[in-house]
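Visitor: 3D, please:
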Amino acid sequence: MCRQQSFSLWVNRFKNLHPTLIGANVKRNTSSERKKHLPIVTFCVSGNQHIQAPSISYSDVMTNLKLKQNAKIERAMASSFSAFADELSPDRDVLPSGLDGVVQQIESAYYGKLPGSIPRQKIDEVAALVQRMASETTDGYFGVRGRAPVKGTFLETFGVDDEYRRFCDCLCTRLSNLPQQNEDMHLTLRAIRSGEQQASGHSFYFHYDSFVLTFIIPIIIPEGDNAGDLLIMPKSRNLRTTYVQNIFDKAIVDSNYQQKRFRKIYQKKNSKLKRIKLELGKIYVFEGYKCVHSNEAPPPGEVRSTAVLHYYDPHANDILKKLKGRLR
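Guide: All right, here's what the predicted structure looks like:
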């Protein structure tokens, strides 16, 4: 079978997997570029809107065609392209698409940004809720867990659909070679008001997360320098095989000696510690399990608030962790 016929079969197979696609126009690259990139495929979607699938390896597609008996390859191919059709949906603002781009960002810069942007109106709704709840506290720190406290805002349903779970599973597989888990994201909404004595313990507190992925959605971020930046010490450890090893690592980092050491690194502006200025409307993701991280304190009298979502507990099935949960 010639390459033209093989590629036509691939396009027809993809169209059958996605009934929303009405037609496809294929533009092939020149012969000199064919070895590097697959022809760009432009799909005509209902409403006369068009989307383009990015160039991918032509040789990889041809190899997949030879292994067409493997159903997993077909499902992976369909999943990787489904986000492009979903991107036209008006009720989705930030989509778990662009997996390759996010992986490349994390591998090179140790954090990534999801494509798209959350509308400012939706951010302001959560910010108003934070300001209202934070005004009722006297210690300068406010934090709630779960979806119930944020009912009525976009955070109530953010990241709960299968598309986000598939995206997170693919990230964990690509970054850490972990099997799919398909679990829910764990949400925490927190706020810090600088200048309060108790709130100071929540800034410049360096730690590891218990979950592989950490997503951060800025809700209230002060303007200017030293305004609550995210601080990351890249690749501080690898995945641990047991829950005990994880607890041991976290205990070491939590010691006074290590906390002082990390704060000195920050004060000296050591290049090992990455500073990330957060932008409203964006979603940031990094490997919170592997990277020691913290946040700056906001300017005196100002509030810094973020929604933090965690995904994939690698020790969820550890016997000791299950026993610990039963003893509570």
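
Visitor: T137: how many residues sit nearby?
Guide: When neighbours are counted by other C-beta atoms under 10 Å, T137 registers 15. Heads up, the C-betas are built off the backbone N, CA and C, glycines and all.

Visitor: ok, T214 touching H310?
Guide: Yes - using C-beta atoms under 8 Å, T214 is in contact with H310, at 5.9 Å.

Visitor: joint contacts of those two?
Guide: Each of G288 lies in contact with both T214 and H310 under the rule C-beta atoms under 8 Å, 6 or more residues apart in numbering.

Visitor: Tell me the secondary structure at L189.
Guide: In terms of secondary structure, L189 is strand; the call rests on DSSP: H, G, I helix; E, B strand; the rest coil.

Visitor: any chance you could map the strands in the stretch 151-300 of the chain?
Guide: In the stretch 151-300 of the chain, the segments counted as strands under DSSP state E, counting those that start in this stretch are 186-193, 213-220, 230-233, 274-276, 284-286, 292-295.

Visitor: Give the partner strands of the fourth one in its sheet and their orientations.
Guide: Using DSSP bridges, strand 274-276 pairs in its sheet with strand 230-233 (antiparallel).

Visitor: just the second one next, same as before
Guide: For strand 213-220, the paired strands and their directions (DSSP bridges) read strand 284-286 (antiparallel), strand 303-311 (antiparallel).

Visitor: Contacts for the first one, please.
Guide: Read that as strand 284-286. With contact meaning C-beta under 8 Å, 6+ apart, strand 284-286 is reached by 102, 106, 110-114, 171, 213-218, 230, 232, 276, 278, 293.

Visitor: picking that back up, could you export the strands of the stretch 151-300 of the chain to TSV, including columns for mean pLDDT and mean neighbour count?
Guide: Compiled in TSV, the strands of the stretch 151-300 of the chain are given as follows (pLDDT from 0 to 100; neighbours: other C-beta atoms under 10 Å):
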stretch	mean pLDDT	mean neighbour count
strand 186-193	92	21
strand 213-220	97	23
strand 230-233	96	22
strand 274-276	94	16
strand 284-286	97	22
strand 292-295	96	23
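
Visitor: Tell me which of those strands approaches D139 most closely.
Guide: Closest of the strands of the stretch 151-300 of the chain to D139 is strand 186-193, at 8.9 Å (criterion: C-beta to C-beta).
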